[in-house]
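Chemist: build me a model:
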Amino acid sequence: MNIPSYFEEDAYLFYNPDIADAVADGRLLSGYQHWLAHGWKELRPGAPRIHAANRAIFTPRFEKRPYGVNLFGFLSTPSGLGEVARSCRAAIATTDCPLSITEVPPWTTEAPRVAPPRDSNQCRNSDRRSGGLHERFCLHLPQDAGE
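Modeler: Residues are numbered from 1 along each chain as shown. Here you go, the predicted model:
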């Protein structure tokens with residue numbers, strides 16, 4: 001197997017000792033063979049960096065757009081993502097950067113409630129691990145739960 005000039009075999013094997021052992025034992029022909037089959041998907045260190053395309057061709061289009069930040073956020077949500085969005089808005093407001101805000105409305109429906117399984121095998125298997133708590137819980141479920 002020919003190893004291309006952009007692939008640094010020594011660096012890949014240095015950063016991936018398990019692969020170096022496999023090459024030394026003859027289970028793999030090279031680190032490059034592993035990288036082609038698996039390493040690039042696993043984001044293994046020591047692999048070649050894939051360079052981004054030359055974005056300079058987009059410069060004329062970007063220069064025509066207004067300068068600033070477009071903030072899409074759950075600004076009215078009381079916690080979590082709302083707190084993050086409001087913090088971003090506050091931080092950007094301290095700069096001279098123009099800010100365009102788009103409120104993302106919060107969800108208005110709740111997630112459906114689903115009852116735990118009533119399967120007797122499920123209760124029996126869980127009962128062994130939980131000292132009977134799960135079985136007692138299954139017995140006391142309301143009859144209409146999950147319907």
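
Chemist: any chance you could map the strands in the chain?
Modeler: Along the chain, the stretches classed as strands by DSSP state E are 69-73, 99-103.

Chemist: next, the buried residues of the first one.
Modeler: So the one you mean is strand 69-73. Leu71, Gly73 (16 or more other C-beta atoms under 10 Å). In short, each C-beta sits where N, CA and C put it, glycine included.

Chemist: for that strand, the averaged confidence score.
Modeler: Averaging pLDDT along strand 69-73 gives 85.

Chemist: which residues sit in contact with Arg27?
Modeler: For Arg27, the contact set (C-beta atoms under 8 Å, 6 or more residues apart in numbering) is empty.

Chemist: ok, for Ala93, nearest residue in space, not its chain neighbours?
Modeler: Leu99 (6.6 Å; C-beta to C-beta, 6 or more residues apart in numbering).

Chemist: circling back: which among the strands of the chain is found nearest to Val84?
Modeler: strand 69-73 (7.3 Å; C-beta to C-beta).

Chemist: contact partners of that closest one?
Modeler: Everything outside strand 69-73 that qualifies as a contact, by C-beta under 8 Å, 6+ apart, is 81-82, 84-86, 88-89, 92, 97-104.

Chemist: from those, list the buried ones, please.
Modeler: Using 16+ other C-beta under 10 Å as the threshold, Gly82, Ala85, Cys88 are the buried ones among these.

Chemist: roughly how far apart are the second one and Asp96?
Modeler: Read it as Ala85. Counting by C-beta to C-beta, to the nearest Å, the gap between Ala85 and Asp96 amounts to 21 Å.
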